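1. I would like to see how this sequence folds:
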Amino acid sequence: MKKNLSASDIQVLEGLVNIPEDILLTLNNLGLIDTSSVLNIIIRNEYQTLIKDGSCLKKDAVILLGKKYGISKSSIEIIVYKKEMNKKKQCPSCNKEVSKYKYLKNDGLCDSCNLKK
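-> Below is the predicted model:
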């Protein structure tokens, strides 16, 4: 989700982190802010606010946020519930990090250890 922060996003971020808006704007213009992480934090915060207020159900909040930020329902769920995509596993013989797909495909071994066997 590579997207520039809008003025309203900067204002919400200012309230969350207590950093003046002009400093945040300068950092954003210089490209020093990780926009994906910031948007994730803002989306999580808005979701919690919507749920606590009781203004909408969880599924409705997910749909509303998806429309607001222009991303899919599943992406919002991943952000809100902190689901991990592509969970990593470790090769038992060399302790190298392996994707879940390779882990299941190669009986837990990385590609190099699988070639050695």
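
2. and stretch 52-66, how far out from the chain's middle?
-> The chain centroid and the centroid of stretch 52-66 are separated by 18 Å under C-alpha atoms, centre = their mean, to the nearest Å.

3. and it, average pLDDT?
-> For stretch 52-66, mean pLDDT is 92.

4. contact partners of it?
-> 43, 46-47, 50-51, 72-73, 75-77, 80 (C-beta atoms under 8 Å, 6 or more residues apart in numbering). Where C-beta positions appear, they are placed from N, C-alpha and C, glycine not excepted.

5. do stretch 105-117 as well
-> 89, 91-94, 96, 98, 102.

6. selection in ChimeraX covering whichever of those residues are buried, please.
-> To isolate the buried ones among those in ChimeraX, judged by 16 or more other C-beta atoms under 10 Å, type:
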select :89,91,98,102
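
7. just the ones of the contacts of stretch 105-117 in strands?
-> Judged by DSSP state E, strands contain the following of the contacts of stretch 105-117: 89, 98.

8. dump the contacts of stretch 105-117 to JSON lines, plus distance to C113 and pLDDT.
-> Formatted as JSON lines, these follow (distance: C-beta to C-beta, whole Å; pLDDT from 0 to 100):
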{"residue": "K89", "distance to C113": "13", "pLDDT": "84"}
{"residue": "C91", "distance to C113": "6", "pLDDT": "87"}
{"residue": "P92", "distance to C113": "8", "pLDDT": "88"}
{"residue": "S93", "distance to C113": "5", "pLDDT": "87"}
{"residue": "C94", "distance to C113": "6", "pLDDT": "90"}
{"residue": "K96", "distance to C113": "8", "pLDDT": "87"}
{"residue": "V98", "distance to C113": "9", "pLDDT": "86"}
{"residue": "K102", "distance to C113": "11", "pLDDT": "84"}
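
9. and the contacts of stretch 105-117 as a markdown table, adding distance to K67?
-> Formatted as a markdown table, these follow (distance: C-beta to C-beta, whole Å):
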| residue | distance to K67 |
| --- | --- |
| K89 | 35 |
| C91 | 42 |
| P92 | 45 |
| S93 | 48 |
| C94 | 46 |
| K96 | 41 |
| V98 | 37 |
| K102 | 36 |
